[in-house]
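Participant: Using only what follows, build the 3D model:
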Amino acid sequence: MTNLGVEQIKFGENIGTEPRFKFRRWLEAWVEAVNVGNRQVWQSAVLDVITVSDLLEKDLDYAKFVSYLTHPPKQLRMPLASVVQEDGLYVVRGSLEVFASELMIFEGTFEMTVHEVEPGAYKIFGVVCYPHFRVSV
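Facilitator: Numbers count the residues shown, from 1 in each chain. A predicted model of the protein is given here:
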């Protein structure tokens, strides 16, 4: 199986050094928590009104997104991500691969909107996926 996790992150020039370090640590920790099945960590970073589009054929709300990531357990790989700030929110764009039982079930690009609810604490507000390859499980 390929290496999981976040491999490379580029930041927009409008994001300072300290916020870059905080956001990078948070994003890497969130993806790692998904990959090892630590629901307490990754689920608490998902806003309860999240909408996830085009990961599957139907949009996912909070409960369906949690179910998707846990049944069967999924692992994530973000080979390349870029982070910019737009309208006070962090917007992460890049490539995404999703695996279940070591088989790739999604490959494509994504855009994730993240709100900093307090210094160093983030919540995922929405995700839009642009699949190149998608398998329903």
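
Participant: so what's Asp48 scoring on pLDDT?
Facilitator: Note on Asp48: pLDDT of 96.

Participant: ditto for Val137
Facilitator: So Val137 comes in at 62 (pLDDT).

Participant: After the longest helix seen in the chain, which helix or strand is next?
Facilitator: What stands out as the longest helix in the chain, according to DSSP state H, is helix 17-36. Using DSSP states H and E, the helix or strand that follows helix 17-36 towards the C-terminus is helix 39-44.

Participant: got a list of contacts for that next one?
Facilitator: Ala29, Trp30, Ala33, Val34, Val66, Leu69, Thr70 (CB atoms under 8 Å, 6 or more residues apart in numbering). Quick note: C-beta positions are derived from backbone N, CA and C, even for glycine.

Participant: unless I'm mixing things up, Ser82 is touching Gly94, no?
Facilitator: Yes. Between Ser82 and Gly94 there is a contact under CB atoms under 8 Å: 6.0 Å.

Participant: on that earlier part again, can I get the contacts of helix 39-44 in JSON lines including neighbour count?
Facilitator: What follows is the contacts of helix 39-44, written out as JSON lines (neighbours: other CB atoms under 10 Å):
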{"residue": "Ala29", "neighbour count": "15"}
{"residue": "Trp30", "neighbour count": "22"}
{"residue": "Ala33", "neighbour count": "18"}
{"residue": "Val34", "neighbour count": "23"}
{"residue": "Val66", "neighbour count": "17"}
{"residue": "Leu69", "neighbour count": "23"}
{"residue": "Thr70", "neighbour count": "14"}
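
Participant: what bits of the chain have low per-residue confidence?
Facilitator: 1-2, 137 (pLDDT under 70).

Participant: Mind listing residues that contact the lengthiest strand in it?
Facilitator: With DSSP state E setting the assignment, residue counts place strand 103-118 as the longest strand in the chain. For strand 103-118, the external contacting residues (CB under 8 Å, 6+ apart) are 23, 47, 55, 74, 89-99, 122-135, 137.
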